[in-house]
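Colleague: everything below, folded, please.
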Amino acid sequence: MADADDVHLAECSNSHVFILCNYSFNDGREIQPGFKTDAALIKETFVSLEFNTTVYYNLEAGKMSSLFSMFKHLDEDTDCLLIFLITHGSFVGVKGTDGKTITGYDIMKELSNEDCPNLANKPKMIFLSTYESDDGVQRIQRPMYPDMLIVTSSVDTSAYDAAIKDGCQYTADICKYVKKKWKKHDLSDILQIATEASKARDVREKKTGIDPHVMSTLRKPLRFK
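Modeller: Sure thing, here's the model as predicted:
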């Protein structure tokens, strides 16, 4: 077992989860019920573990930017921050309901030690489920700042209809393993377990569709107590 000084132990009651779910867009596309299913499952998971959990629905890009700017005002005793983005787009173009975009790089900058000193040297996770294919060119290889954990999950055409209707299976895997293993494993390990389970299912069922990736600059394993 790792020494206490080598692990970031976070109190659930001092940790914040923000869920941003855009399921109704202004471009005429149908409401996306699977997005709401994902948001509800994430909320239920973290509320059950007594995290401070807040959900925002259907924000335009400008309001999304304002939300990320707000994180610098979180209490200094915040142990960690987890952000879940469920929308359309890609890491370089996270779509608001108005079709305008912000970039994942802008979000990371808002959470950097310089721009968000209240969370300096504390773990920050960004989970982005875009429900659109990512050709790999736009995928980052590594977060730009320390103490960040970036999780991306794109859904291509073969899995799109099912995800839009019923929710993303990778999101369900993450919630499942967070509930089962949150006291025994650090968060990076839990995400890797969920990622491997998702990929193994695709192989077993002889299909592709969900393309998850986990990238980290966390300097210590993140565990909850």
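
Colleague: residues touching Cys12, list them.
Modeller: The contact partners of Cys12, by C-beta atoms under 8 Å, 6 or more residues apart in numbering, come to 49-51, 224-225. The way it works is simple: take the backbone N, C-alpha and C, and place the C-beta from them, glycine included.

Colleague: from Phe51, how far out is it?
Modeller: 5 Å (C-beta to C-beta, to the nearest Å).

Colleague: mind checking which of the contacts of Cys12 are buried?
Modeller: Among the contacts of Cys12, those classed as buried by 16 or more other C-beta atoms under 10 Å are 49, 51, 224.

Colleague: so the last one makes contact with Lys184?
Modeller: The reference is to Phe224. No. Assessed by C-beta atoms under 8 Å, Phe224 is found out of contact with Lys184, at 10.3 Å.

Colleague: out of the buried ones among the contacts of Cys12, which is nearest to Asp106?
Modeller: Phe51 (24.9 Å; C-beta to C-beta).

Colleague: check what pLDDT that closest one gets.
Modeller: At Phe51 the predicted local confidence, pLDDT, stands at 94.

Colleague: that one contacts Asn14, doesn't it?
Modeller: No. Counting by C-beta under 8 Å, Phe51 sits too far from Asn14 to count as a contact (9.3 Å).

Colleague: tell me how far Lys199 lies from Met64.
Modeller: 30 Å.

Colleague: apologies, that question was intended for His16.
Modeller: From His16 to Met64 the distance is 17 Å (C-beta to C-beta).

Colleague: returning to what we had before: CSV for the contacts of Cys12, including secondary structure and distance to Leu41?
Modeller: Below are those laid out as CSV (DSSP: H, G, I helix; E, B strand; the rest coil; distance: C-beta to C-beta, whole Å):
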residue, secondary structure, distance to Leu41
Leu49, coil, 13
Glu50, coil, 17
Phe51, coil, 14
Phe224, strand, 18
Lys225, coil, 23
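
Colleague: which one of those sits closest to Ser154?
Modeller: Lowest distance from Ser154 to the contacts of Cys12 (C-beta to C-beta) belongs to Phe51, with 25.8 Å.

Colleague: can you pull the contacts of the closest one?
Modeller: 12-13, 15-17, 82.

Colleague: only the buried subset of these, as a PyMOL command please.
Modeller: The following PyMOL line selects those of the contacts of Phe51 that are buried, judged by 16+ other C-beta under 10 Å:
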select buried, resi 12+15+16+17+82
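
Colleague: out of the contacts of Phe51, what pair is the most spread apart?
Modeller: Ser13 and Leu82 (13.9 Å).

Colleague: thanks a lot, catch you later.
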